[in-house]
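# Everything below, folded, please.
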Amino acid sequence: RSAKLVPLHHQLPPHVLSLPVGASSIIKLAWSLMDMNGSSSVAPITNEKPEDKAPAIVTATQSNSPAADVGQRKEYETLRERIYATMEDPGYSSTAKTISCVMMLVIVFSTICFILESEVCQAESCNGTTGFLSFYPSAHFFYFAEWVSVIIFTADYMIRLCTCPNVFDFAFGLMNLIDLVAWLPFWIIGATQTPAYAMPSLDSSGSPGGVGFVRAVRLIRVFRVFKVGKYSVGIQLFGGAIKHSIQPMGILVLVLTVAMIIFSSIIWLIERPGSALVTDELLDMTGMGGGFDVNGTMTPGMQDICFGTIPSAFWWALTTMTTVGYGDCYPITWIGKIVTVFAMIGGVIVLALPITVLGSNFAKMVEMYEEDAADFAVLDESGDGQVDEVELFEFLKVKRKEGVIRSDVDTKVSKLMEIYDTAGNGTLSLPDFRRLQTEIIIPKKVDPVEEIQKLGCVLNKHEDQFEKLNEKLDRLEGSINALVGKLRDSRGGGLQMTAI
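Next up, the predicted model:
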């Protein structure tokens, strides 16, 4: 600390003069190494703490690396990490965006084929059937379309599985489980058929054959629709609104269940077949009574099916309180119709309040997304759709000045990147950045009373300023009047002297 200063080297910048011997020697060595690399500048020395410095970005000889094509990346980024980021994050590069668009098109194509396959006629002729597509060549087209879709889904899943940072977390993720269900049953069910993966065909009797496994996996293939949520912001916002509305939706289910039991019990007492209010003449007039089949056996009527027991009346209660009213079950007595009116009004009231909360949460989710997207666009100075370490450092520095960062969170850039960089490419995408904001930033709670008090203070301040301005104007007006009076007096005196 008290070492003697060394003479200034002819190549060293002036600020090195004040450094001690050890530090000056290190600067000389670094300067000579930079001269060997053809550099002529050195970073200024500041008094910043190590944790306050922005992370260094390697820019010397790595401009030709694959990571440089998509912005500033980690120096240690491996080929495995780049492959996973390309397959998982559409904003990683132009190639990743192309792959995500192709996967989206394959999902849409597979879903359309799944829908149209139900229109294939299961006979040589479509006469007397519900479909309009002939078995040949429609069945073969959908068969090969299914093969292409499943192969693409399988390759996408296996590549991401082999390159993911954590196999356990990847395998048990919700969206990854949906991806697995979209293609795994095809291989399992198809392999168990005889012959395996048989082509669809019609046998000698004209009925479909060899399509058993295709028809068996048809229901499971509908789960591919959920893969759209991975690429759709709207579906993600809707899912977030549902997630934040679990408590009011739970209240809705509870209240609806209680009301259903009450109204079902009341309507059962009134509309049950053994009730004194339900007569044979009324049943015959409304057609709700039973009858006899060809064997002479009595069959139950709709009155027995709809109101025979309290559980059977649950269907009537639900359709009435939700104002659906299919018309299959309805009361035939005047007292039952009065109860139905109360059930309809009560159902509207019960459903309206929680659904309003759901709509409000969805609007808040959209507003939060727009605010986060705007902050993300401002923060993303490079314009590559990713927040790198330098940009994250600048964001944290601003938030520290605002005092909104949680004190119990380690806000080192390297630590935050390690936690929130799901793609493992040294950058944060918009979903990663939103999660980071949610967990490390203290939300600003707006207090209406406090806001009104602040507004009142501002109005009082403006009122005081207006009063002071009025006082100044009054003084100025008085001064002007006095000056005008003096001018008049002086002019009158001059006229008197002239007359004399």
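# count of residues packed around the nearest residue to Gly301 once chain neighbours are set aside?
Counting by C-beta to C-beta, 6 or more residues apart in numbering, the nearest residue to Gly301 once its immediate chain neighbours are dropped is Gly290, at 3.7 Å. Every residue, glycine included, has its C-beta placed from N, CA and C. Residues lying near Gly290 (other C-beta atoms under 10 Å) number 14.
# Check whether Gly290 really touches Thr297, as I assumed.
No: the criterion here is C-beta atoms under 8 Å, and Gly290 misses it with Thr297 at 10.4 Å.
# Burial check on Glu81, number of neighbours?
Residues lying near Glu81 (other C-beta under 10 Å) number 21.
# Check the one 4 residues further on too.
The number of residues packed near Ala85 is 27, by other C-beta under 10 Å.
# Restricting to C-alpha, output the one helix or strand it maps to in CSV.
Taking DSSP states H and E as the definition, one finds Ala85 inside helix 79-88. Output of helix 79-88 as CSV, limited to C-alpha atoms (Å, rounded to 0.1, in the frame of the first residue of the first chain):
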residue,chain,number,x,y,z
LEU,A,79,-22.9,-27.7,-29.4
ARG,A,80,-25.4,-29.6,-27.3
GLU,A,81,-26.6,-26.4,-25.7
ARG,A,82,-27.0,-24.7,-29.1
ILE,A,83,-29.0,-27.6,-30.5
TYR,A,84,-31.3,-27.6,-27.5
ALA,A,85,-31.8,-23.8,-27.7
THR,A,86,-32.5,-24.1,-31.4
MET,A,87,-35.2,-26.8,-30.8
GLU,A,88,-36.7,-25.3,-27.7
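# buried sites along the next helix-or-strand element following that helix?
Counting by DSSP H and E, the next helix or strand C-terminal to helix 79-88 is helix 94-116. Neighbour-count burial for helix 94-116, counted by 16 or more other C-beta atoms under 10 Å, picks out Ala96, Ile99, Ser100, Met103, Met104, Val106, Ile107, Ser110, Thr111, Cys113, Phe114, Leu116.
# Stretch 171-190 too?
Buried residues in stretch 171-190 (16+ other C-beta under 10 Å): Asn176, Ile178, Asp179, Leu180, Ala182, Trp183, Leu184, Pro185, Phe186, Ile189, Gly190.
# Could you do stretch 451-462 as well?
Buried residues in stretch 451-462, defined by neighbour count with 16+ other C-beta under 10 Å: none.
# what's the answer for stretch 408-417, then?
Those would be Thr411, Val413, Leu416, Met417, for stretch 408-417 by 16+ other C-beta under 10 Å.
# now, which of those sits nearest Ala343?
Leu416 (54.4 Å; C-beta to C-beta).
# tell me what the host helix or strand of the closest one is packed against?
Assessed by DSSP H and E, Leu416 sits inside helix 413-420. Applying 3 or more C-beta pairs under 8 Å, 6 or more residues apart in numbering; DSSP states H and E, one finds that helix 413-420 contacts helix 389-402, helix 430-440.
# the inter-axis angle of the longest one versus helix 430-440?
Calculated by axes from the mean of the first three to the mean of the last three C-alpha atoms, to 10 degrees, helix 389-402 forms an angle of 30 degrees with helix 430-440.
# packing partners for helix 389-402?
helix 334-379, helix 413-420.
# The ones you listed: which one's closest to Leu430?
The nearest among the helices and strands packed on helix 389-402, by C-beta to C-beta, is helix 334-379 at 5.3 Å.
# Glu117 and Gly190: what is the separation?
Per C-beta to C-beta, to the nearest Å, Glu117 is found 16 Å from Gly190.
# I meant to write Ser118 there.
For Ser118, the distance to Gly190 - C-beta to C-beta - is 19 Å.
# ok, back up a step: got TSV for the buried residues of helix 94-116, with distance to Arg435 and pLDDT too?
As requested, those are arranged in TSV below (distance: C-beta to C-beta, whole Å; pLDDT from 0 to 100):
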residue	distance to Arg435	pLDDT
Ala96	20	85
Ile99	23	90
Ser100	20	84
Met103	23	86
Met104	23	83
Val106	28	87
Ile107	25	84
Ser110	30	85
Thr111	29	82
Cys113	36	86
Phe114	33	82
Leu116	39	87
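# Okay, now the unreliable bits of this structure?
The model of the chain has pLDDT under 70 over residues 1-77, 128-129, 203-232, 292-294, 296, 381-384, 423-424, 443-449, 492-500.
# longest helix anywhere in it?
Counting residues, the longest helix found in the chain (DSSP state H) is helix 448-499.
# what's the spacing between it and its chain's center?
60 Å (C-alpha atoms, centre = their mean, to the nearest Å).
# where along the stretch 101-250 of the chain do the strands fall?
201-202, 208-209 (DSSP state E, counting those that start in this stretch).
# which helices and strands sit right next to the first one?
So that's strand 201-202. So strand 201-202, by 3+ C-beta pairs under 8 Å, 6+ apart, packs with strand 208-209.
# how far away is the residue lying closest to Asp410 once chain neighbours are set aside from Asp474?
Excluding the flanking residues, the one nearest Asp410 by C-beta to C-beta, 6+ apart is Leu416, at 7.8 Å. Leu416 sits 61 Å away from Asp474 when distances are taken as C-beta to C-beta.
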